[in-house]
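Q: pasted the sequence and its predicted model underneath.
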Amino acid sequence: MSSGSRATGNQQLVFELNRRDFYAIVVTPFPEDVERRTGRDLRPAGETRLRLGVYAGRGKDLRIFASGERYPDDAEKLDLPRHAWILEGSPIISIGNPTTMLVRPPAPRDML
């Protein structure tokens, strides 16, 4: 299987997972099967199965950090109340377990 075919297959899997409302997904062949740097196939001759790792982005905390000329080095920059609206519109949300955050699907207005 060529590296182009693998990339297309990986991309199709990501598209399907996105269609099912799974986002921030990375799909990559196992390093024992494909050399990451070169894409060289490391599987034994005749082996047609390709193992894929599917990784979902998760986080435990979401913070806002202010920067720029309005915020000198000694100023408070983390989680300022005036920036709360940014968290409210964030694509990162807590689902079920409040200590685990996942990426939610984009709103229709974000797809324009």
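A: Perfect, I can see it now. Residues are numbered from 1 along each chain as shown.
Q: nearest residue to the residue nearest the centre of the chain other than its sequence neighbours?
A: By Cα atoms, centre = their mean, the chain has its centre lying nearest to residue 24, at 2.7 Å. Leaving aside its chain neighbours, residue 24 sits nearest to residue 57 (3.1 Å; criterion: Cβ to Cβ, 6 or more residues apart in numbering). (Glycine included, C-beta is placed from N, CA and C.)
Q: report how many residues lie close to that neighbour.
A: 13 (other Cβ atoms under 10 Å).
Q: before we move on, what about residue 73?
A: 5.
Q: so how far is residue 66 from it?
A: According to Cβ to Cβ, to the nearest Å, residue 73 and residue 66 sit 12 Å apart.
Q: can you check residue 57 too?
A: Counting by Cβ to Cβ - residue 57 and residue 66 are separated by 24 Å.
Q: can you pull out the strands in this protein?
A: Assigned by DSSP state E, the chain shows strands spanning 25-29, 52-56, 92-94, 101-103.
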